[in-house]
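Okay, sequence plus prediction incoming.
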Amino acid sequence: MEKEIWNHTQTVRAASPLICNITNYVVMNNTANALLAAGASPVMAHAHAEIEDMVSICQAVVVNIGTLDEYWATSMLKAARKARLTGKPWLLDPVGAGATPYRDEVLSQLLEHHPTVIRGNASEILALAKSNTSATRGVDSTAESRDAVDAARSLAASSGAVICISGKTDVIVGKDATWYIDNGSPLMTRVTGLGCAASAVMGAFIAAIQPAESAVCAAAALFSICGELAAVQSPGPGSLQVRLLDKLYNITEREFLNTLRIASA
Amino acid sequence: MEKEIWNHTQTVRAASPLICNITNYVVMNNTANALLAAGASPVMAHAHAEIEDMVSICQAVVVNIGTLDEYWATSMLKAARKARLTGKPWLLDPVGAGATPYRDEVLSQLLEHHPTVIRGNASEILALAKSNTSATRGVDSTAESRDAVDAARSLAASSGAVICISGKTDVIVGKDATWYIDNGSPLMTRVTGLGCAASAVMGAFIAAIQPAESAVCAAAALFSICGELAAVQSPGPGSLQVRLLDKLYNITEREFLNTLRIASA
Amino acid sequence: MEKEIWNHTQTVRAASPLICNITNYVVMNNTANALLAAGASPVMAHAHAEIEDMVSICQAVVVNIGTLDEYWATSMLKAARKARLTGKPWLLDPVGAGATPYRDEVLSQLLEHHPTVIRGNASEILALAKSNTSATRGVDSTAESRDAVDAARSLAASSGAVICISGKTDVIVGKDATWYIDNGSPLMTRVTGLGCAASAVMGAFIAAIQPAESAVCAAAALFSICGELAAVQSPGPGSLQVRLLDKLYNITEREFLNTLRIASA
């Protein structure tokens, strides 16, 4: 399986898919740079007058609600709807799910357009699972992985999406299997928006690879491995942000396979 | 006093306060990264539908008017009002005060919500002091420090806020004393938004430390020292931005105390 | 000519012009940093209530439509109009021209205010030339340089602007001559917004140097040379972004003249 995952990273580079991103202001620069470093092409647009046209010329869509407002929420819904109607894969990054009622309301509307993938941290997945089902499990601010995996399975079943919970261990919940990727570095939590950048890169993978769960595993592996390798050389989070982009660009098969730690259950 | 200032930096790391930032587009990424590197947690949000909810879950608020417009000005006023009503410390960064009548009008409305701290450069503090009082002192585009200190004292008296004038020397004007911090590097003026990032970090300090003037001195010292240490190793402003984040993360007590130059009057 | 181009870079540093930028969210940070590194001062503003006041206090204006929407399009048009009425040079960066009808409509309105310079990649210049004239040449998604040069000449004639086509070779089309600059690095295409940053720096050059075609040649040369020199030392695109800023700040005359490859026709 490890070799297949590496091959997926090369497939993305060869396909160089065009990815339409509606994401937050904080991460637009490093998100676009992560896509370029991984071999894809980013488009950032949000005007109501063109967002559907932009979705039409792209191979996948990424919606990240980080700094949403009323105008942008409409853009996100237009993009998600267009992706659904034209059969393009799209990924939802539910940043801050559960933090405010407004976020949960917008997320609930976005879920109606059936995202192909949902990627978030444990708290976000727990919050989303709660608002999307009648489950009584509460949102735990000190979310544990085990709780989030159960929530992810419930969310996967109700939404039809592949779920990726990012954290110390990345967990990918597919239709019939669950994967655990033990790569990354604690220093990654001291750089803003690496989860958002991982989502963007994942958008490139679901554009180029099927089934979506294979694409998500490969993207999560690539991003966490590059973060891990970059962290070893970084005296702090400033350097990590720079070196992660370098590594997304120049990682070798040998580095990748020597570092990857994945298991399924 | 020097040891107490160092201890404050550790208090912030231990408390890891959640800071709600309404800031400008140019600096959102490095502002969030500065907060993370210093041990705090950033939240960036601005939607009218949720900004007050966000303020409720945070420990302090930072309002920076850099790229304001009508929608964002309302967000800023909502956040400032909520902070005042719930007794949370908040910091105002009056970017470009005096540059246009619109900025001065919005600043005047924000001042009605009694910021805990105001941090700006000499020109901005001079402009703000003029618009906030009936003082006849003009805004000097080649602002001198001495003029800004007087203006800061007048602004402190009329607003009740601690004032921090950043520049070659950072000056902090508190209720009964004034502090002068002689750290930093000229290269810092060649990196955009370092003042904005300093404001954000200051927001974390006023969330975790009282009185506010101690918090402001400690935050200004930390930021200028890290900039100074980073600049020594930097061939240019690109490297400085990266290394400043690294240093905010990995600075040692010894480096801090050996570099700090503070005096009061 | 080479020595004159170098001298222009020093003229910009000495003049330190204030440049008003209405640009896209993705690149605001590195665009502001590029201006600072090259010795100019950036202002980013867009509020309808102040954009004309901001243009009034600046020496040149840069309009980049990357992440435009209805509000920002109005800001851009106000800024362009004010620049025209007050006789200030302004540069148009038609990001994504031809990608959607909305972009072409806004670009068509912006062209009515007679930009001093238009800088884009080959596809964008081809798209713009088509929408601006009755030429029947189609927009080629695999745009060739020769086609873009002809389109640029047509666009220069119809708009009165100096045209800069950026790419492997930067081509500058002036009133009576065309220049070809063979600097840069393929790695630059893996960093987002370097074209946008080049446009911003070009804005500083047209503020300080006349005629505009000399300013554009000098800015394009400086930016591509710095990218080329930075790329040699960069293991990937993350490092390139950092080192390009360093090099814009610390490039020497010797490095510049040893690297510059310019020809006219």
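That came in fine, so what should we check first? Residues are numbered from 1 along each chain as shown, chains lettered A, B, ... in the order given.

Stretch A:239-259 close to chain C?
Yes: using Cβ under 8 Å from any Cβ of the partner chain, we find that stretch A:239-259 touches chain C at A:241-250. The C-beta positions use only the backbone N, C-alpha and C, and glycine is treated the same way.

Sorry, slip of the keys, the one I care about is stretch A:70-87.
Yes: for a cut-off given as Cβ under 8 Å from any Cβ, stretch A:70-87 has contacts with chain C, namely A:Tyr71.

Three-state assignment for A:Val43, please.
The three-state assignment at A:Val43 reads strand, by DSSP: H, G, I helix; E, B strand; the rest coil.

so who does it touch?
A:Val43 is in contact with A:18-21, A:54, A:57-58, C:96, C:99, counting by Cβ atoms under 8 Å, 6 or more residues apart in numbering or on different chains.

Return the per-residue confidence for it.
Listed pLDDT for A:Val43 reads 97.

Check what pLDDT the nearest residue to A:Val232 once chain neighbours are set aside gets.
Leaving aside its chain neighbours, A:Val232 sits nearest to A:Ser185 (7.8 Å; criterion: Cβ to Cβ, 6 or more residues apart in numbering or on different chains). Per-residue pLDDT puts A:Ser185 at 97.

neighbours around A:Ser185, how many?
A:Ser185 has 19 neighbouring residues, counting by other Cβ atoms under 10 Å in any protein chain shown.

Please apply the same query to A:Ser158.
Counted with other Cβ under 10 Å, residues neighbouring A:Ser158 total 14.

now the strands: where do they sit in the stretch 101-250 of chain A?
A:117-121, A:162-166, A:170-173, A:178-181 (DSSP state E, counting those that start in this stretch).

Partner strands of the third one, with direction?
Paired neighbours of strand A:170-173 in the sheet (DSSP bridges): strand A:162-166 (antiparallel), strand A:178-181 (antiparallel).

what does the shortest one rub up against?
Residues lying outside strand A:178-181 but in contact with it, judged by Cβ under 8 Å, 6+ apart, are A:149, A:153, A:169-172, A:213, A:217, A:220-221, A:224, A:260-265.

in chain A, which residue is closest to the centre?
A:Ser199 (2.3 Å; Cα atoms, centre = their mean).

Quick one: neighbours of the nearest residue to A:Gly39 once chain neighbours are set aside, just the number.
Computed as Cβ to Cβ, 6+ apart, the closest residue to A:Gly39 that is not its neighbour in sequence is A:Arg13, at 3.4 Å. When neighbours are counted by other Cβ under 10 Å, A:Arg13 registers 14.

How about the residues of chain A by chain C?
A:25, A:28-29, A:32-33, A:36-37, A:42-50, A:53-54, A:57, A:71, A:241-250.

Using ChimeraX, define a selection of the buried residues within those.
Here is the ChimeraX command that selects the buried residues among these (16 or more other Cβ atoms under 10 Å in any protein chain shown):
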select /A:25,28,29,32,33,36,37,42,43,44,45,46,47,49,50,53,54,71,241,242,243,244,245,246,247,248,249
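
model confidence over stretch A:157-167, on average?
For stretch A:157-167, mean pLDDT is 96.

First-to-last residue distance for it?
End-to-end distance for stretch A:157-167: 21 Å, by Cα to Cα, to the nearest Å.

The longest helix along chain A vs strand A:162-166, what angle?
The longest helix of chain A (DSSP state H) is helix A:212-232. Relative orientation of helix A:212-232 versus strand A:162-166 (axes from the mean of the first three to the mean of the last three Cα atoms, to 10 degrees): 10 degrees.

Would you mind pulling up the elements that helix A:212-232 packs against?
Counting contacts by 3 or more Cβ pairs under 8 Å, 6 or more residues apart in numbering or on different chains; DSSP states H and E, helix A:212-232 packs against helix A:2-15, strand A:117-121, strand A:162-166, strand A:170-173, strand A:178-181, helix A:194-208, helix A:237-250, helix A:253-259.

now with 7 Å?
Packing partners of helix A:212-232 (3 or more Cβ pairs under 7 Å, 6 or more residues apart in numbering or on different chains; DSSP states H and E): helix A:2-15, strand A:162-166, strand A:170-173, strand A:178-181, helix A:194-208, helix A:237-250, helix A:253-259.

This completes my enquiry, with thanks.
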